[in-house]
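here's a sequence, model it:
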Amino acid sequence: MKTVRDIMTTNVVTAKRETTIRELAELFSKYRIGSIPVVDEAGNLAGIVTESDLIEQDKSLHIPTVISLFDWVIYLESAKKFEREIQKVTGQTAGDIYTTEVESVTPETPVSTVADIMANKKLHTLPVVEGKKLVGIVSRIDLIRTMVG
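Here you go, the predicted structure:
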């Protein structure tokens, strides 16, 4: 049975929290990739930035609906969601827009498990970690390559 170690890419393009939005755009464009893991100084996985995160920089900001009742203001939508949306739209660095809750796998994870995760969660790439340290990345194209041998 093949494992992630057999198919993963080990030369991973990464970013730091302080990587600027412009630098991220250049990395996405230069390497033609869909996501970039964000790592700390020790190489530990801190999060991930996707092309969608970058595209959100140009989207219109949705102002949440509120009801004013006496002296209260009641949000009909999550105020935290709105704060996060503002942070993403106005973000200047990877740390402002990256996702911290990242689905990841280990080098020993079976390829069939990776396919299940990607299909069920509609993910295109998964960081590969040993402990917290980023050691690779596996993408849908890596899975497809296993089909052609």
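
so what's the residue most central in space within the chain up against?
Taking CA atoms, centre = their mean as the criterion, residue 48 is the residue nearest the geometric centre of the chain, at 3.2 Å. By CB atoms under 8 Å, 6 or more residues apart in numbering, residue 48 lies in contact with 35-38, 98-99, 102, 125, 127. All C-beta atoms are positioned from the backbone trio N, CA, C, and that covers glycine.

restricted to buried residues, select those residues in ChimeraX.
Paste this into ChimeraX to select the buried members of these, with burial taken from 16 or more other CB atoms under 10 Å:
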select :35,36,37,38,98,102,125,127
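
in helices only, show me the contacts of residue 48.
The members of those all map outside helices under DSSP state H.

which stretches in this protein count as strands?
When secondary structure is read from DSSP state E, the chain shows strands at 35-39, 45-50, 66-69, 72-75, 125-130, 133-139.

and the ones you listed as JSON lines, adding mean pLDDT and distance to residue 107?
Compiled in JSON lines, those are given as follows (pLDDT from 0 to 100; distance: least, CB to CB, whole Å):
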{"stretch": "strand 35-39", "mean pLDDT": "98", "distance to residue 107": "15"}
{"stretch": "strand 45-50", "mean pLDDT": "96", "distance to residue 107": "14"}
{"stretch": "strand 66-69", "mean pLDDT": "56", "distance to residue 107": "49"}
{"stretch": "strand 72-75", "mean pLDDT": "56", "distance to residue 107": "44"}
{"stretch": "strand 125-130", "mean pLDDT": "98", "distance to residue 107": "6"}
{"stretch": "strand 133-139", "mean pLDDT": "98", "distance to residue 107": "6"}
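
out of those, nearest to residue 18?
Set against residue 18 and scored by CB to CB, the strands of the chain come closest in strand 35-39, at 9.9 Å.

who does that closest one touch, helix- and strand-wise?
helix 21-31, strand 45-50, helix 94-97, strand 133-139 (3 or more CB pairs under 8 Å, 6 or more residues apart in numbering; DSSP states H and E).
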